[in-house]
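Asker: build the 3D model from these lines:
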Amino acid sequence: MLTSVPVSFIFRIEAEVAPPISISGAPQGDRMIVPAQAGHFSGPDINGKIVPGAGVEWASVRADGVIKADVRLVLETDDGASILMTYNGLAKPVDDSLHVTIAPLFETGAANYLWLNDIQAIGFGRPTEKGIGYDIYQLMA
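Answerer: Residues are numbered from 1 along each chain as shown. Have a look, this model is predicted:
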């Protein structure tokens with residue numbers, strides 16, 4: 001049994017988001033739809049931007065205040081590659097902030113980034129002034 005898992009840093013991503021669209025009283029909890037308007041990412045082997053208009057979070061707010069994230073973003077690298085980043089996760093209110101843990105997966109056909117197709121990542125995030133930021137790591141186990 002593992003008691004720790006090695007990780008390798010992939011990138012830091014910061015998303016600027018639009019005001020959420022709220023749907024209250026849905027059968028599975030309140031819903032928030034949060035469009036990503038812009039953003040960027042930067043790491044040792046990959047850098048670029050979030051494609052504006054090509055990313056949305058479909059969040060559910062549980063009765064205990066925890067937010068369940070369901071996100072799809074399109075990333076564009078500095079060298080023009082397109083990468084789909086999808087993730088689920090949980091955002092837990094702690095004091096006056098949110099502690100967010102996500103599990104990203106990636107899809108691309110770009111030769112320089114095919115390695116992303118075969119990894120499971122994990123991310124840890126917090127709200128920023130304009131949205132949210134995550135540090136994204138590859139699980140190495």
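
Asker: residue boundaries of the helices in this structure?
Answerer: Counting by DSSP state H, the chain has no helices at all.

Asker: what ranges do the strands span in this protein?
Answerer: Counting by DSSP state E, the chain has strands at residues 7-17, 21-23, 30-42, 47-50, 56-61, 67-77, 82-94, 97-107, 121-127, 131-139.

Asker: elements contacting the second one?
Answerer: Under the contact criterion of 3 or more C-beta pairs under 8 Å, 6 or more residues apart in numbering; DSSP states H and E, the helices and strands touching strand 21-23 comprise strand 30-42. Backbone N, C-alpha and C define where each C-beta goes, glycine included.

Asker: could you rerun that using 10 Å?
Answerer: Where contact means 3 or more C-beta pairs under 10 Å, 6 or more residues apart in numbering; DSSP states H and E, strand 21-23 is packed against strand 30-42, strand 56-61.

Asker: re the thing from before, got a markdown table for the strands of the chain, with distance to Trp115 and mean neighbour count too?
Answerer: As requested, the strands of the chain are exported to a markdown table (distance: least, C-beta to C-beta, whole Å; neighbours: other C-beta atoms under 10 Å):
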| stretch | distance to Trp115 | mean neighbour count |
| --- | --- | --- |
| strand 7-17 | 10 | 18 |
| strand 21-23 | 35 | 12 |
| strand 30-42 | 16 | 18 |
| strand 47-50 | 15 | 18 |
| strand 56-61 | 26 | 18 |
| strand 67-77 | 13 | 18 |
| strand 82-94 | 11 | 17 |
| strand 97-107 | 9 | 17 |
| strand 121-127 | 12 | 18 |
| strand 131-139 | 9 | 19 |
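
Asker: so which of those strands is nearest Tyr113?
Answerer: Closest approach to Tyr113 among these is made by strand 82-94 (6.0 Å; C-beta to C-beta).

Asker: CA atoms of the closest one as CSV?
Answerer: The C-alpha trace of strand 82-94 is given here as CSV (Å, rounded to 0.1, in the frame of the first residue of the first chain):
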residue,chain,number,x,y,z
SER,A,82,-4.4,22.7,-29.1
ILE,A,83,-5.0,20.6,-25.9
LEU,A,84,-8.3,19.7,-24.3
MET,A,85,-8.0,19.8,-20.5
THR,A,86,-10.9,18.2,-18.6
TYR,A,87,-11.2,17.8,-14.9
ASN,A,88,-13.5,17.0,-12.0
GLY,A,89,-12.8,18.1,-8.4
LEU,A,90,-14.0,19.5,-5.2
ALA,A,91,-13.9,23.0,-3.8
LYS,A,92,-14.2,23.1,0.0
PRO,A,93,-14.9,26.3,1.8
VAL,A,94,-12.2,26.9,4.4
